[in-house]
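A.B. asks: Mind looking at a prediction? Sequence and model below.
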Amino acid sequence: MADDDRFRPRPGRPQAKGGERIPRFTTKVLRAVSRAGPSAQGGSGSGRGRRTLRMGRGQVAAKVAGQALGPRSRRVVIKARLVNLKRAGPRSTTTHIRYLEREGVTRDGEPGQAFSALDEIADTREFEERGRADRHQFRFIVSPEDAEDIGELRTFSRQLMDQMERDLGTKLEWIAVDHWDTDNPHTHIVLRGKDDAGKDLIIAPDYLSRGMQARARELATEWLGLRTEHEIRQSRTREVTQERWTSLDMQITRQVDGGTIDLSEASRNLEGYDRSLLVGRLRHLATLGLTERIAADTWTVAPNAETTLRALSERGDIVRTMQRALGKTQRELVIFDPKRSSPVVGRIADKGLSDELSDRAYVIVDGVDGRAHYARLAVNFDLADFPVGGIVELRGVTEIRRVDRSIAEMSIDGVYRTETARQRLESASQAVRTPSSIIDAQVRRLESLRRGNVVERLADGVWRVPQDLPETAMRYVQSRLSGVQPIVRSYLPVEKQVRTVGATWLDEQLTRGSAPQSSVGFAATVQRALDDRKLFLVEQGLADQRGHHIGLARNLLSTLRTRELETAARRIESDTGLVYRPAPDGDRVSGTYRRSLLLASGRFAMIDDGVGFSLVPWRPVIEAHLGQSLSATVRGPGVSWDISRSISR
């Protein structure tokens, strides 16, 4: 056939009727692939299909997103976290949202307000209830560099989530809260782990790590236009003296060869201004001991520069947080190290999340030593259990535990036997605790160490233990530390303890003869409260004043605790009709754990045996067994709980 006879159709772009926009072909492909899901690229029976299955929705969008971005495009930082709700606990979502909506996060210092795709005021309780059975949940922090210029973060977030729906091929259910209380305004987004068909929402890792950020950068650039040369220079100039890991540091690192950087080579293709930035940054790092000039254009760079700068940035954030919490009050600021710091007692001056994405909490403690201490809590600690103004003790693992030492003393040739230990305890002339209670505590400790491969169980009641068990056990516990585990000494501020009928923390200090170690800050407050408490005890007939000396009554703590428990018990008797049965020292109490009470003497559990009830010192281990049958043996202010009945039911 002659070329002139060939038919070459050249169709134009489709035109829609009525002016309606027709989606581009690539958009249709993205939607189709995302809607089809992983199986579209391979059968589930093949290895390739299984790899695709793990990738999830948005894998194609992740490849095409951001292709038009360049050095002048707007910058957005996005942090993403996948939360396994079963591991996080039943209160995880509620606790996270409650913190996001806390006081002082808006422009005007008001509480945060959650919003959604359609609602200006989202129903967070309903959102939590609908997602209660979800397997997982996504949490994002979206922080545009130019958030102040964007201004309307709500609209920005909604447009970003609309784009995500198109990329993932499904409707998304989410809520968000804007935060304006930091130098970098940002939005927290909580996304349910379900698609619009009710199936688990699986998002491709590439989309979470790169695609979503690229979409946010595209959106910010669309809103504000490309960055001008002036804006870029301003941003890079600020980085010269910042004590954090910056883009200038990344540029320097890429040029380092054998621990040194030669600026004559590294800046060959750079303009004079950019070269001056690198020189300025290297000089600033030299003041931090991270670089050293060894020739006109040659510098050495410390191998730990990145780690050090990131640590400095974190420490700077901590110092600013402490200064905000303490206001104009001058204190020595200390970061509590659970592996090295000595125990500290003090007042909770502030609390919050050190990492808002992972819910890692912190407390700032105004100590009786006159210093302020910042402590990052262990994972899954609920801040609601630590009231601001309450008294806590920060205790690390710097000393050998008494139980470990006693196990080592009871062991013969590296073997611990419960029967041998029992015989030795029964033959002892004096014992504060019963042999059975001591053996029970040792066995619990041995089982805990066995799970960490520190000891080996040879048979029932027999364990092989290392010769240096106390030291080995301490190192094991230190290796597992994820943060501090504070002990609440009083839920009441010291000001409210002064005239309270109950065995308060102030009374414990008086009976021990303890005095504040300083006259600064909270230490001075405690000293005044102790003096006022003595006068109150005199009024109550629980202390005698002889001149300038005040003598305390015998069994002061027991008397105060009994009075407060009797008062609380009368209220419960009036509400329930049950009869109060005080728990005698050394006796066993059994029944259903109904609820806990916060008193000046501490936290107590109400144990109901069907006819009467007892008030027993509460411990965290029993909270998971609310409404179940438990047993406890009371010994003075302490208690030994037996939850085996609950477990076996």
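C.D. replies: Noted; the coordinates are in hand. Residues are numbered from 1 along each chain as shown.
A.B. asks: what about residue 382, how many neighbours?
C.D. replies: As a burial measure, the neighbour count of residue 382 was computed by other C-beta atoms under 10 Å and equals 13. For the C-beta atoms, the positions are set from N, CA and C on the backbone; glycine is no exception.
A.B. asks: Can you name the residues in contact with stretch 557-569?
C.D. replies: 501-504, 507-508, 511, 542, 553, 580, 582, 597, 599-601, 604, 613, 615, 636-637 (C-beta atoms under 8 Å, 6 or more residues apart in numbering).
A.B. asks: show me where pLDDT drops low in this protein?
C.D. replies: When residues are selected by pLDDT under 70, those of the chain lie in 1-55, 266-271, 380, 429-433, 482, 644-649.
A.B. asks: So it: which segments form each domain?
C.D. replies: Segmentation of the chain into domains, based on automatic domain parsing, reads 43-224, 237-303, 319-392, 402-479, 558-648.
A.B. asks: Among these, which comes closest to residue 230?
C.D. replies: Evaluated with C-beta to C-beta, the domains of the chain place domain 237-303 nearest to residue 230, the distance being 10.5 Å.
A.B. asks: Dump the C-alpha coordinates for stretch 164-178 into PDB.
C.D. replies: Provided in PDB are the C-alpha atoms of stretch 164-178 (Å, rounded to 0.1, in the frame of the first residue of the first chain):
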ATOM      1  CA  MET A 164      -4.700  10.900  49.400                       C
ATOM      2  CA  GLU A 165      -8.200   9.500  48.800                       C
ATOM      3  CA  ARG A 166      -7.600   9.800  45.000                       C
ATOM      4  CA  ASP A 167      -4.100   8.200  45.400                       C
ATOM      5  CA  LEU A 168      -5.300   5.300  47.500                       C
ATOM      6  CA  GLY A 169      -8.600   4.700  45.700                       C
ATOM      7  CA  THR A 170     -10.800   4.800  48.800                       C
ATOM      8  CA  LYS A 171     -12.600   7.100  51.100                       C
ATOM      9  CA  LEU A 172     -10.800   7.800  54.300                       C
ATOM     10  CA  GLU A 173     -12.100   8.500  57.800                       C
ATOM     11  CA  TRP A 174     -10.000  10.800  59.800                       C
ATOM     12  CA  ILE A 175      -9.900  13.600  62.300                       C
ATOM     13  CA  ALA A 176      -7.200  16.300  62.800                       C
ATOM     14  CA  VAL A 177      -6.100  19.000  65.200                       C
ATOM     15  CA  ASP A 178      -4.100  22.100  64.400                       C
END
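A.B. asks: Now do the buried residues in that stretch.
C.D. replies: Burial within stretch 164-178, assessed by neighbour count using 16 or more other C-beta atoms under 10 Å, is assigned to 164-165, 167-170, 172-178.
A.B. asks: Over to stretch 129-137?
C.D. replies: Going by neighbour count (16+ other C-beta under 10 Å), the buried part of stretch 129-137 is 131, 134, 136, 137.
A.B. asks: number of nearby residues for residue 595?
C.D. replies: One way to gauge burial is a neighbour count; for residue 595, by other C-beta under 10 Å, it gives 12.
A.B. asks: if I look at it, how far off is residue 605?
C.D. replies: Noted for residue 595: a distance of 8 Å to residue 605, by C-beta to C-beta, to the nearest Å.
A.B. asks: again with residue 318
C.D. replies: Taking C-beta to C-beta as the measure, residue 318 falls 36 Å from residue 605.
A.B. asks: Just want to know which of the two has more residues nearby.
C.D. replies: With other C-beta under 10 Å as the criterion, residue 318 and residue 605 differ in neighbour count, and residue 605 comes out ahead with 25 against 17.
A.B. asks: follow-up on the earlier one: for the buried residues of stretch 129-137, give me TSV that also has secondary structure and distance to residue 85.
C.D. replies: Written out in TSV, the entries for the buried residues of stretch 129-137 read as follows (DSSP: H, G, I helix; E, B strand; the rest coil; distance: C-beta to C-beta, whole Å):
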residue	secondary structure	distance to residue 85
131	coil	8
134	coil	6
136	strand	6
137	strand	6
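A.B. asks: what's the closest of the domains of the chain to residue 490?
C.D. replies: If you check each of the domains of the chain against residue 490 by C-beta to C-beta, domain 319-392 wins as the nearest, at 4.1 Å.
A.B. asks: okay, which residue is most central for this protein?
C.D. replies: By C-alpha atoms, centre = their mean, the mean C-alpha position of the chain lies nearest to residue 360, the distance being 1.3 Å.
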